[in-house]
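1. when you get a sec, could you give me coordinates for this:
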Amino acid sequence: MMELLNKVFHFDRLEPKRRFTLLLILIYVASFPIVMGFSYLILKHNAIDHVYETGRLYLAAIEATRNYVSEELRPRLQKELPKKFIREGMSRSYVAGAIARQVMVNLPGYKFKHASLNARSPKNRADVYEAEIIKQFLENRDIKEKNDLIDSDDGKFYVIARPGSAVKESCLPCHSTPKAAPREIIEVYGSEAGFYMKAGELVDAMFVYIPVSVPLSAAANTVTYFMAIYTVFFGVVLLIINKRFGWFYNRIETDNKMIEEINSEVLNLNRELEDIVAERTMSMVGLRVADRVRNPITIIGGHCRHLLKTDIDEYVSAKLKDILAECKKMENMMAEFDSLVKSKRFQFKREDMNEIVRSTIALLEKPMKEKNIQHSVQLFERPLMFNANRQLIRIGLNHVFNNAIDATQEDGIIAVSTGMRGEKIYLKISDLGRGIASEDLNKVFEPFYSTKSRSGMGLPLVRQIVLEHMGEITIDSKEGRGTTVEFVFPTRWREQDMDAPSKQT
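-> Numbers count the residues shown, from 1 in each chain. Presented below is the predicted three-dimensional model:
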């Protein structure tokens, strides 16, 4: 589906607002024929149900009339008027037809027919369609009713057909032979039809034809009105969404831009982190090497000076002077190296610790959400300004936060708080993770030491960054009970104080 949309509409290239609008329009176009079809089927079914109920009541009335004639009226008239046949009171077909015509006055378009395969009256003779239905009743006496929807020259009709009553013994005087039939029947109908019937034989059926063109047309009109309302409703919804919910589209665009900026910022931070790790690692290694080399060189030079003051031959004295000269070169080299390391400083300016914490946590929302980790942040009510290099501080905090996320189990929590103690500011990051064993706690700031499969330069780098900011970092941890890392920084420091960190390394 998405491939088709991209191919036809270039869906993936559209801005969110146009994409959403196009999607709503496509939903409307796809749903329109489905809603219209189902609506018409439901209304058509309801119309036919209503027609059927009306026809069923109509047939029930006609059938009751026929039964009344055969069971009560005709026997009574035969008793009172023996050897006489009064069609208006003794013929079931005639009486039923007369009553049907009276009822039809209030049901325009309805048709009733007492159709027979051997009808006396031409009006009651079954046509091809009716004869086929009567034959089905003859072949299967269990069929009590047939329903059908037909088209005729007069329109569309819903047909209800029910089998008539089997020929009774009381009917044979009129339907056996022309000689046995009453004179009145022969005079009215003749002697060619309606005779030679047998008791128990089924030769007729009652048909009611109910016009459905009007209710079906009404159903179609109702569907048309409904779909017009549906279209107007959909148009109003689309208009409201586009007009009233413009902020939603703007929010999507803003979020997309923010995500892009965050991704760019993360990439920049990663590059800076790599550069700083490499630089700090080389500086720390260089300082350690310089410190290890400086002491032997000083001792060697001291011994050479001492020996030169003693009584030694010229050859040894010359060699000692050569050694002393090389020691002097090494001492100068170490001094230059110290000066070079001390001179490499990043730019510092006044920064707000609260704002740095907020921006750093924003970058870590995704890894915390993946582990369903909650974070509690309690920042000091006022800005906590201090001299800092923003990127270095964020790199340090990012590492500590990642350690906390890694140590915290799913559904855990990380607490963050900032505040002031006298002339200093502090930041605490606490987790309830696995903690650090006591034997490892004293080694976490040593380069290349790690309890995990990592370089072991993370916390030493963090400590180096903190020291360059004249700050302190402490770690309080108990195995299985979590870890708290606290940063403390002075709010102000003098430029000459920057020499202190290099001495502490």
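2. going by C-alpha atoms from here, please, whenever you check contacts or count neighbours.
-> Fine.
3. those helices in the stretch 251-400 of the chain, which residues are they?
-> 314-343, 353-363, 365-370, 390-407 (DSSP state H, counting those that start in this stretch).
4. low-confidence ranges in the chain?
-> Under the criterion pLDDT under 70, the flagged ranges of the chain are 1-19, 244-250, 252-253, 261-292, 336-347, 447-458, 493-505.
5. ok so, going back, tell me the most buried of the helices of the stretch 251-400 of the chain?
-> helix 390-407 (a mean of 19; mean count of other C-alpha atoms under 10 Å).
6. quick one: residues in contact with that one.
-> Contact partners of helix 390-407, identified using C-alpha atoms under 8 Å, 6 or more residues apart in numbering, comprise 269, 273, 348, 351, 356-357, 360, 367-368, 373, 414, 429-435, 458-459, 461-462, 465-466, 483, 485.
7. in the protein, which spans are strands?
-> Along the chain, the segments classed as strands by DSSP state E run 111-116, 146-152, 155-163, 204-211, 349-352, 374-378, 385-388, 413-421, 424-431, 472-478, 482-490.
8. rebuild the ones you listed as a markdown table, extending it with distance to Arg74 and mean neighbour count.
-> As requested, these are exported to a markdown table (distance: least, C-alpha to C-alpha, whole Å; neighbours: other C-alpha atoms under 10 Å):
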| stretch | distance to Arg74 | mean neighbour count |
| --- | --- | --- |
| strand 111-116 | 18 | 22 |
| strand 146-152 | 29 | 12 |
| strand 155-163 | 21 | 20 |
| strand 204-211 | 20 | 23 |
| strand 349-352 | 112 | 14 |
| strand 374-378 | 94 | 14 |
| strand 385-388 | 116 | 21 |
| strand 413-421 | 97 | 18 |
| strand 424-431 | 103 | 21 |
| strand 472-478 | 111 | 16 |
| strand 482-490 | 106 | 20 |
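9. so which of the ones you listed gets nearest Phe137?
-> Nearest of the strands of the chain to Phe137, taken as C-alpha to C-alpha: strand 155-163 at 6.3 Å.
10. ok, and what's touching the closest one?
-> Contact with strand 155-163 is made by 48, 51-52, 55-56, 133-134, 137, 144-151, 202, 204-213, as judged by C-alpha under 8 Å, 6+ apart.
11. wait, what's in contact with Lys428?
-> 415-418, 484-487.
12. who does it bridge with?
-> Lys428 forms beta bridges with Ser417, Glu486, as assigned by DSSP bridges.
13. do you know how far it is from Thr491?
-> Going from Lys428 to Thr491 by C-alpha to C-alpha, to the nearest Å gives 16 Å.
14. check Ala228 too.
-> 70 Å.
15. of those two, who's got more company?
-> Taking neighbours as other C-alpha atoms under 10 Å, Ala228 and Thr491 compare with Thr491 leading, 20 against 12.
16. wait, that one touches Met385, no?
-> Yes. Contact criterion C-alpha atoms under 8 Å: Thr491 and Met385 qualify, at 6.4 Å.
17. quick check: phi and psi on the residue nearest to Ile185 when sequence neighbours are not counted?
-> Once flanking residues are discounted, Ile185 sits nearest to Phe85: 7.3 Å by C-alpha to C-alpha, 6 or more residues apart in numbering. With angles defined as degrees, to the nearest 10, Phe85 sits at phi -130, psi 110.
18. domain map for this protein?
-> 11-220, 248-343, 349-504 (automatic domain parsing).
19. and those domains as CSV, adding distance to Ile240?
-> CSV is the format used below for the domains of the chain (distance: least, C-alpha to C-alpha, whole Å):
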stretch, distance to Ile240
domain 11-220, 11
domain 248-343, 12
domain 349-504, 33
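20. of those domains, which approaches Gly235 most closely?
-> That would be domain 11-220 among the domains of the chain, by C-alpha to C-alpha, at 9.1 Å.
21. now Ala325: how far from Ser31?
-> Distance, Ala325 to Ser31, by C-alpha to C-alpha: 95 Å.
22. same thing with Arg463?
-> For Arg463, the distance to Ser31 - C-alpha to C-alpha - is 63 Å.
23. who's more crowded, those two?
-> More neighbours surround Arg463 than the other of Arg463 and Ser31, with 20 against 12 (other C-alpha under 10 Å).
24. still on that earlier bit, wait, which of the helices of the stretch 251-400 of the chain is closest to Tyr40?
-> helix 365-370 (49.1 Å).
25. residues making contact with the closest one?
-> Contacts with helix 365-370, where a contact means C-alpha under 8 Å, 6+ apart, come from 374, 405.
26. from the chain's centre, how far out does it sit?
-> 21 Å (C-alpha atoms, centre = their mean, to the nearest Å).
27. swap in stretch 362-376?
-> Stretch 362-376 has its average C-alpha position 22 Å from the chain's average C-alpha position, going by C-alpha atoms, centre = their mean.
28. quick one: end-to-end distance for it.
-> By C-alpha to C-alpha, the extent of stretch 362-376 from end to end equals 13 Å.
29. contacting residues for the closest residue to Pro383 other than its chain neighbours?
-> Once flanking residues are discounted, Pro383 sits nearest to Asp352: 5.6 Å by C-alpha to C-alpha, 6+ apart. Asp352 makes contacts with 383-386, as judged by C-alpha under 8 Å, 6+ apart.
30. JSON lines for the residues you listed, including distance to Leu117?
-> Listed next are these as JSON lines, based on distance: C-alpha to C-alpha, whole Å:
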{"residue": "Pro383", "distance to Leu117": "105"}
{"residue": "Leu384", "distance to Leu117": "107"}
{"residue": "Met385", "distance to Leu117": "109"}
{"residue": "Phe386", "distance to Leu117": "112"}
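31. and the residues you listed, which two are furthest apart?
-> Farthest pair in the contacts of Asp352, by C-alpha to C-alpha: Pro383 and Phe386, 9.6 Å.
32. nearest residue to Met385 in space, please, no chain neighbours.
-> Computed as C-alpha to C-alpha, 6+ apart, the closest residue to Met385 that is not its neighbour in sequence is Asp352, at 4.5 Å.
33. for Phe401, see how far away the one you found is.
-> 18 Å.
34. and what of Leu57?
-> 82 Å.
35. now do Met334
-> 37 Å.
36. same check, this time on Val95
-> For Val95 relative to Phe401 (C-alpha to C-alpha), the value is 99 Å.
37. and if you look at Asp154?
-> Distance, Asp154 to Phe401, by C-alpha to C-alpha: 86 Å.
38. what do you get for Arg350?
-> 23 Å.
39. now the helices for the stretch 1-150 of the chain?
-> Under DSSP H, counting those that start in this stretch, the stretch 1-150 of the chain gives helices at 2-9, 16-68, 74-80, 87-90, 92-104, 128-139.
40. I'd like these as TSV, with distance to Ala161 appended.
-> As requested, these are exported to TSV (distance: least, C-alpha to C-alpha, whole Å):
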stretch	distance to Ala161
helix 2-9	53
helix 16-68	9
helix 74-80	25
helix 87-90	24
helix 92-104	15
helix 128-139	8
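41. which among the ones you listed is found nearest to Asp313?
-> helix 16-68 (92.4 Å).
42. just checking, what packs against the closest one?
-> helix 92-104, strand 155-163, strand 204-211, helix 213-244, helix 246-308 (3 or more C-alpha pairs under 8 Å, 6 or more residues apart in numbering; DSSP states H and E).
43. 10 Å - rerun?
-> helix 2-9, helix 92-104, strand 111-116, strand 155-163, strand 204-211, helix 213-244, helix 246-308 (3 or more C-alpha pairs under 10 Å, 6 or more residues apart in numbering; DSSP states H and E).
44. gap between the nearest residue to Asp148 once chain neighbours are set aside and Val103?
-> Nearest non-adjacent residue to Asp148, counting by C-alpha to C-alpha, 6+ apart: Val159, 5.1 Å away. Note on Val159: its distance to Val103, by C-alpha to C-alpha, is 17 Å.
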